[in-house]
Each structure stands twice: as C-alpha cells, then as structure tokens.
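Peer 1: below: sequence and its predicted model.
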Amino acid sequence: MTTALITGPTAGIGLSFATLLAAEGTDLVLVARDATRLEELAVRLRAQHHIACEVLPADLSVRSDSERVEARLADRELPIDLLVNNAGLAGDKGQTRQGFEMAFGVNHLGHFLLTQLLLDTLKASAPARVVTVASRAHLMAYQGLDWSTLQQPTRSLTGTREYGVSKLANILFSSHLAKVLEGSGVSSYSLHPGVVDTEVWREVPGFLRPLLRLRGLLTPEQGAQTTLYCALQAPAIESGLYYDKCRVKTPSRIAQDAQLAEQLWNKSVQWVKTE
C-alpha cells in the first residue's frame, strides 16, 4: 500500500490531488495549518474511499511544527512513498516568524526543511518520489535570487514578484534534490500546474483579480493533473526535471543554473539550522 504526504490539501490543487490519490487507494498523510478543515477532509476521504488518512496540523514556516510532523511519522512508523510539496501562498506580504520574506519562507524554505527531515524515511521507502509544485511564475524572477532581499519584508505592491522568486527556488531545489538523491531510489520532480483558480491568490488585491481570470484560469481538478502525472507516471530517469501539461518543459535559463541551485541548497541548509 502506497502512502503519500501532501502539504496544503484542504483547498485548490491540493484538495483535488488528495481526492484523486484517495480514489486510487493511496493512504494519505495530510499536513496544513487548519486542523478543523484537515479533519473534515480526512473524515470524508476515509468514508468515500476506505483509506487510512492521518491528519497532522502544522505551519511549515515554523521549524518546530515541521519537526513535530517528522516525529509523529517516526512514532507511527509510517512510510512515505510520495511527498508532495504543494502548499503555497501568493500576494501575502511581510515576513515569516523566522524573518524570511513571506512567499520565500513558506513556499520554498518550509518545504525544504520538511523534505530534509523526511529524507531518511523517503530513502527507507524507496522507490519513492518528491513532487514540488512550482509555477511558470518563476519566469518573473529573470534576475535570479537577490540574497539580500530574502530576509526582508515583501517589497512589491502585489507580492507577485516575490512569488516568482519563491517558485524559481522550488525548481532549483527540486533539481538539486535529484542530484543529492541520486542512487537512493528516490526521484524528484517540479512542475507548473497551470494558472489555477485557487485560494493561493486570496491575498492579491481585489482590483487585480479580474486580470488573473483573463488569463483563462484552470479548475483545481485540471490543475492537479500534472502533479498526478509526476506522482504516478513520470519516469525515474527524468528525476530533477520540470513539467508542464504532463510533459517535460524547459524552465528559464536561471532555473537551469546548477551552481545557483547548489548555492540555494547550501544557504537553505544553514538557514534552517539557525532558525
């Protein structure tokens, strides 16, 4: 029996993806901040699909919460065959409690830490996969990563520029993770789900939201398809690659920079150690 840990499963792509996996008979570990919504979802999925469904409330921008997730899994001796780094936000401005720009701290650093904590479990469960939901919004980060701004409050009016930086970080992280895991039986994939009508845009100013809809937003169910492909079908030999519409897609030039990916990895290791 396969067990998948999904972050951010209570709405949008995460909810659709969790439902699709449950229908496949996959046991689930659900991680999100809202304990009430998590439990309601778990009750529904257990009843409809007769799967095991563990609920772990956590704010992944807080180190102690991620550590509690890892400890709970270890206590229960639960395998993790699939880790889906799906949770995210866009347009929410400020800093995390650890002092990182909000989108970067949540979308990249929170998932970086969780993945680090679960590496041994993933290796013990091999063959296993790590799927990180990125975005073509990484194209906005055409100047790369400005290290000096990552530990400052959000600067842009809408937060979309910083969101693009966080999605670039997702792709760089996923590609370097594949190198770190080479030979372990654990593969890593990142993806663009499409421009999806989800709660991730809830903090974008209201007057700008119609502009998003003009781009032709997908439903969450449509947006979950590439995540599902990476989780179940993407070849292991394509570990480290980026996907769009269930196919390998070449990301931006900067997102292919192996040296930048290694720098981000090394800095992220130090940042999560010193939180």
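Peer 2: Cool, the structure landed. What you are looking at is a predicted structure, and each value in this text was computed from that prediction instead of being measured.

Peer 1: are we agreed that Leu28 is in a helix?
Peer 2: No - per DSSP: H, G, I helix; E, B strand; the rest coil, Leu28 lies outside any helix segment and is strand.

Peer 1: ok, it touching Ile6?
Peer 2: Yes - between Leu28 and Ile6 there is a contact under C-beta atoms under 8 Å: 6.5 Å. Where C-beta positions appear, they are placed from N, C-alpha and C, glycine not excepted.

Peer 1: what's the overlap in contacts for those two?
Peer 2: 18, 21 (C-beta atoms under 8 Å, 6 or more residues apart in numbering).

Peer 1: can you tell me the centre-most residue of this structure?
Peer 2: For the chain, the residue nearest the mean C-alpha position is Asn85 (2.6 Å; C-alpha atoms, centre = their mean).

Peer 1: who does that one bridge with?
Peer 2: Beta-bridge partners of Asn85, counted by DSSP bridges, are Thr132.

Peer 1: pretty sure it contacts Pro9?
Peer 2: No - using C-beta under 8 Å, Asn85 makes no contact with Pro9, being 11.7 Å away.

Peer 1: joint contacts of these two?
Peer 2: With C-beta under 8 Å, 6+ apart, Asn85 and Pro9 have no common neighbours.

Peer 1: which residues touch the residue nearest to the centre of the chain?
Peer 2: Contacts of Asn85 by C-beta under 8 Å, 6+ apart are 7, 111, 114-115, 130-133, 170.

Peer 1: and the buried ones among those, selectable in ChimeraX?
Peer 2: Of these, the buried ones go into a single ChimeraX selection, burial set by 16 or more other C-beta atoms under 10 Å:
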select :7,111,114,115,130,131,132,133,170
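
Peer 1: can you give me the helices for the protein?
Peer 2: Per DSSP state H, the chain carries helices over the ranges 12-23, 35-49, 63-76, 102-103, 111-124, 160-180, 209-213, 220-223, 225-232, 258-274.

Peer 1: just the CA trace of the longest one, in PDB.
Peer 2: So the one you mean is helix 160-180. The C-alpha trace of helix 160-180 is given here as PDB (Å, rounded to 0.1, in the frame of the first residue of the first chain):
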ATOM      1  CA  THR A 160       3.700  38.600  -7.300                       C
ATOM      2  CA  ARG A 161       7.400  39.300  -7.900                       C
ATOM      3  CA  GLU A 162       8.400  37.600  -4.700                       C
ATOM      4  CA  TYR A 163       6.000  34.700  -5.500                       C
ATOM      5  CA  GLY A 164       8.000  34.300  -8.800                       C
ATOM      6  CA  VAL A 165      11.300  34.200  -6.800                       C
ATOM      7  CA  SER A 166       9.800  31.500  -4.500                       C
ATOM      8  CA  LYS A 167       8.800  29.400  -7.500                       C
ATOM      9  CA  LEU A 168      12.200  29.800  -9.000                       C
ATOM     10  CA  ALA A 169      13.600  28.500  -5.700                       C
ATOM     11  CA  ASN A 170      11.200  25.500  -5.900                       C
ATOM     12  CA  ILE A 171      12.600  24.500  -9.300                       C
ATOM     13  CA  LEU A 172      16.200  25.000  -8.200                       C
ATOM     14  CA  PHE A 173      15.600  23.000  -5.100                       C
ATOM     15  CA  SER A 174      13.900  20.100  -6.900                       C
ATOM     16  CA  SER A 175      16.700  19.800  -9.500                       C
ATOM     17  CA  HIS A 176      19.500  19.800  -6.900                       C
ATOM     18  CA  LEU A 177      17.500  17.400  -4.700                       C
ATOM     19  CA  ALA A 178      17.600  14.900  -7.600                       C
ATOM     20  CA  LYS A 179      21.400  15.100  -7.500                       C
ATOM     21  CA  VAL A 180      21.500  14.600  -3.700                       C
END
